[in-house]
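Q: okay, here's the prediction I keep looking at, along with the sequence it came from:
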Amino acid sequence: MHAVSGVLRRRLRGGIAAAALVVLASSSCAAPVASPLPTSSITGNAIVAEVASYQLVANQPRRLLVALLTADNRWVSFGSVAVSFAFLGDAVGSPSPGVVAATRAPGAVMGDSIARFLAIPGSPEGIGRGPTLTYPADGRGVYAVESITFPRAGYWGVVAHGKLADASPFNADAAFAVLAEPSVLTVGALAPHTDNPVIGDPGVAPVSIDSRAAGGAPIPDAALHATSIADALDAGHPALVVFSTPVYCVSRFCGPVTDLVAELAATYGDRADFIHVEIYQDFEAGKVNQAAIDWLTPASGDIREPWTFLIGADGRIAASWDTVVTRGEIEPLLQALPLK
C-alpha cells in the first residue's frame, strides 16, 4: 500500500480542495452529506480527486467511484488508473497503513487496485484510449473499483495515480468516510411501499413528477411516470427505479442516468416496471417528495442523488447503484428476468 501523501495529510488538517468538491456538488443535486473537512481553494491545472460514492459501509463489499478533475473544469477520462487506500482513523488524523481495504479488482499489483473508467451514459467511452484530460463535452465520468471491502468504519484516504496520454504522471488524493451502518436502503432490504405521484394523479403539479415539466411542458418519458413503486410491489413485478432531479443536477448526472432508464424501459418493459421518482415536490421552496424521503434520507437528513434501484419480484432490493450507472451494469440483470 502506498503511504498517504503529505498533500493528503495537509488537506485533512486544512481542508479539501474546492475544485475537488465540484464533483460532490455536481453529482448530488440536493444537499451533500455533511463533511468534517472544511474547504480551501486550489488554482492551476493540478488534478484533484473526489470519492463520488454516496454510501460505503464497513465490511460490506461495494463499488467505489473516484472522479478526477482540474480547477479549470477538465476531467481525467478513459483508460484506467491505479488506486490505493489507507485508514486515517475514527476521526481525521494520522494514517494507519496496517488497516488494509480488500479488493477483488482484476489486475491489482503491489498494493494497488485498478480503477477503470466508467463513462456517464451518453458520454464517449474512449475505448482504447489511456487517461486523458477532457472537457465535459469530450469525456466525462468516474473511475470505478468494482468491489472493495473496508474492514472498519472511519475516515479513509485514497491515492489515484497514473500517466496521462501525453506520458505526464499524476497523483491525486482524497479523504472520505466509511460508515458503520448503512444510511440508505441496501441490497436485500424490503422496498418501501411508496405511492409516488404518477401522471394523472389529481392535484399533483407536473414538476413534482418530473422537474423537466416546467412552464407547461409535458411530462417526458411517460413510461417512467405511469406506475408507482407501490403499484409494482402490489403486482409482484420487478422494477427499476431511478431517483433523480434532471433539471437541478449541476453536472447533469441525473439527466443521463434517467435517459438510460428510459432507453432500457423501451426494450425491457415486458420484464419489469420502470419508474422515475423526482426528488423535489417544490424546488424553490426546498420541499422534497415523500418518496425520496422514504428511500434516500439518512440519519443526517441529507439527500444525495441520483440513486438507481432494482427491486425483485419478491419486493426486495436486488441491486443498487449510486451516482453513475451504465447499461452494462443493469442490462444483464434485466435480461435474466422472466417475462411479466
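A: Alright, I've got the coordinates.
Q: tell me which residues in the longest helix along the chain are buried?
A: Across the chain, the longest stretch assigned as helix under DSSP state H is helix 254-268. With burial defined by 16 or more other Cβ atoms under 10 Å, the residues of helix 254-268 counted as buried are 254-265, 268. All C-beta spots, glycine's among them, are computed from the backbone N, C-alpha and C.
Q: low-confidence ranges, the stretch 101-250 of the chain, go.
A: Applying pLDDT under 70 to the stretch 101-250 of the chain flags the ranges 101-111, 250.
Q: show me where the stretch 151-300 of the chain has strands.
A: 154-163, 169-178, 239-244, 273-278, 280-282, 287-288 (DSSP state E, counting those that start in this stretch).
Q: how close does Ala119 sit to Leu264?
A: Computed as Cβ to Cβ, to the nearest Å, the Ala119 to Leu264 distance reads 16 Å.
Q: could you do Leu64 as well?
A: According to Cβ to Cβ, Leu64 and Leu264 sit 24 Å apart.
Q: equivalent analysis for Arg316, please.
A: Going from Arg316 to Leu264 by Cβ to Cβ gives 20 Å.
Q: ditto for Ile209
A: From Ile209 to Leu264 the distance is 19 Å (Cβ to Cβ).
Q: what's stretch 52-64 in contact with?
A: Residues outside stretch 52-64 that contact it (Cβ atoms under 8 Å, 6 or more residues apart in numbering): 23-24, 27-28, 33, 51, 65-67, 104, 115, 142, 144-153, 158, 176-184, 186, 304, 307, 321-324.
Q: would you map the helices across the stretch 201-340 of the chain?
A: Applying DSSP state H, counting those that start in this stretch to the stretch 201-340 of the chain gives helices spanning 206-209, 229-235, 254-268, 290-296, 327-335.
Q: which of the ones you listed has the lowest average pLDDT?
A: Comparing mean pLDDT across those, the weakest is helix 290-296, with a mean of 93.
Q: who are the packing partners of it?
A: Helices and strands touching helix 290-296, by 3 or more Cβ pairs under 8 Å, 6 or more residues apart in numbering; DSSP states H and E, are strand 239-244, strand 273-278, strand 307-311.
Q: the second one packs against which elements?
A: Identification of packing neighbours for strand 273-278 by 3+ Cβ pairs under 8 Å, 6+ apart yields helix 206-209, helix 229-235, strand 239-244, helix 254-268, helix 290-296.
Q: go through the ones you listed and name the closest to Ile219.
A: helix 206-209 (5.2 Å; Cβ to Cβ).
Q: how far does that closest one sit from the chain's center?
A: Centroid separation for helix 206-209 versus its chain: 23 Å, with Cα atoms, centre = their mean, to the nearest Å.
Q: stretch 257-268 now?
A: With Cα atoms, centre = their mean, you get 18 Å for stretch 257-268.
Q: likewise for stretch 209-220?
A: 24 Å.
Q: how about it: buried residues?
A: So for stretch 209-220, counting by 16+ other Cβ under 10 Å, buried means 209-213, 219-220.
Q: which one of those residues is nearest Thr134?
A: Among these, and counting by Cβ to Cβ, the member closest to Thr134 is Arg212, at 26.6 Å.
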